[in-house]
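*Asks:* All I have is the shape, not the residue letters:
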Ligand SMILES: Nc1ncnc2c1ncn2[C@@H]1O[C@H](COP(=O)(O)OP(=O)(O)OP(=O)(O)O)[C@@H](O)[C@H]1O
């Protein structure tokens, strides 16, 4: 069972799924986004890169409908996300988007498998079924052996893989990740990125990842570089380090 109710009629693999047009956003006197345009295709894995304070996280939040731009438009399929009210954006995030953060933000008192099953239980799935699906995702993320451990008993990389499993368990169309490897040492970061890009590829999940780390970005299909709230030097297309 897929708990997500698809909000959009899904564009074909490779067609535009998410687009930003003329995005501007200020926080008081800080003009964080100063006119951002790009498109992301269904199934693409994209890294948003740039120096500290350039607007990467703000852009991710606007794309995901957490923040609304002052000017411009975010489209997800045919839906103008930036035109939706707060409640509709919250519904869209729950049904179609998944989120991973720098620190996994697992619930400390719950085992890995219970953490992963939470979104399914909240969506009304039976506990038995939710645990079965959670275990399958832990398996895909290569951490099924650690299912019964508490977050404090997991390594940083294992915890991040559990957090990714939790973000994917509802089968989101887009996974947004903000510095998912930022707290990991470089070898562990590579292993997490390899798993993350393999799993999103296998499930045809579009991946939008904010990172300032070139090695992390190298696992994606394309980089969008942001400087001073603008997309700098167009796009960098390349073959990802791993497929
Ligand atoms: N809630 C907020 N209130 C005020 N200013 C903010 C807020 N969020 C971001 N900013 C400002 O907007 C600009 C862009 O911030 P943002 O967090 O998007 O940058 P970033 O590229 O993600 O930085 P980092 O790599 O350091 O996380 C910065 O000048 C920041 O101080």
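*Replies:* Yep, it's here. In this text the structure is predicted, and so the values were computed from the model without any measurement. Residues are numbered from 1 along each chain as shown.

*Asks:* Which of the residues in stretch 190-202 are classified as buried?
*Replies:* Neighbour counts over stretch 190-202 (16 or more other CB atoms under 10 Å) mark 190-193, 195-201 as buried. Heads up, the C-betas are built off the backbone N, CA and C, glycines and all.

*Asks:* so for that stretch, what's the average pLDDT?
*Replies:* Regarding stretch 190-202, the rounded mean pLDDT is 90.

*Asks:* circling back: ok, of the buried residues of stretch 190-202, which one's closest to the ligand?
*Replies:* residue 193 (17.6 Å; CB to the nearest ligand atom).

*Asks:* Let me see the ranges of the strands in this protein.
*Replies:* In the chain, the segments counted as strands under DSSP state E are 16-27, 30-41, 45-49, 71-76, 79-80, 97-100, 174-178, 206-210, 222-227, 230-237.

*Asks:* Residue 148 and residue 110 touch, don't they?
*Replies:* No - Residue 148 is beyond contact range of residue 110, at 10.7 Å (criterion: CB atoms under 8 Å).

*Asks:* Neighbour count for the two, which is higher?
*Replies:* residue 110 (14 against 10; other CB atoms under 10 Å).

*Asks:* Of the strands of the chain, which is nearest residue 137?
*Replies:* Nearest to residue 137 among the strands of the chain is strand 97-100 (11.1 Å), distances taken as CB to CB.

*Asks:* List the contacts of that closest one.
*Replies:* The contact list for strand 97-100 (CB atoms under 8 Å, 6 or more residues apart in numbering) reads 64-65, 93, 160, 163-164, 167-168, 170, 172-178, 180, 205.

*Asks:* For stretch 135-143, buried residues please.
*Replies:* For stretch 135-143, by 16+ other CB under 10 Å, it's 135, 137-138, 140-143.

*Asks:* can you redo those as TSV with distance to the ligand?
*Replies:* Shown next, in TSV, are those (distance: CB to the nearest ligand atom, whole Å):
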residue	distance to the ligand
135	34
137	28
138	29
140	29
141	25
142	28
143	27
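
*Asks:* Can you tell me which of the residues you listed end up in helices?
*Replies:* 135, 137-138, 140 (DSSP state H).

*Asks:* Could I get the phi/psi values of residue 124?
*Replies:* Recorded main-chain torsions at residue 124 are phi 100, psi 10, according to degrees, to the nearest 10.

*Asks:* Close to the ligand: what parts of the chain are there?
*Replies:* Counting by CB under 6 Å from any ligand atom, the chain comes close to the ligand at 27, 30, 32, 50, 52-58, 212.

*Asks:* May I see the PyMOL selection of the buried members of those residues?
*Replies:* Buried members of the residues of the chain next to the ligand, defined by 16+ other CB under 10 Å, are picked up in PyMOL with:
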select buried, resi 32+50+54+55+56+57+58+212
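
*Asks:* hang on, the earlier thing: same list (the ones in helices among the buried residues of stretch 135-143) but as CSV, adding pLDDT.
*Replies:* Shown next, in CSV, are those (pLDDT from 0 to 100):
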residue, pLDDT
135, 97
137, 94
138, 95
140, 89
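
*Asks:* tally of neighbours for the residue lying closest to residue 89 once chain neighbours are set aside?
*Replies:* With CB to CB, 6 or more residues apart in numbering as the criterion, residue 89 has its nearest non-adjacent residue at 3.9 Å, and that residue is residue 65. Residue 65: 23 surrounding residues under other CB under 10 Å.
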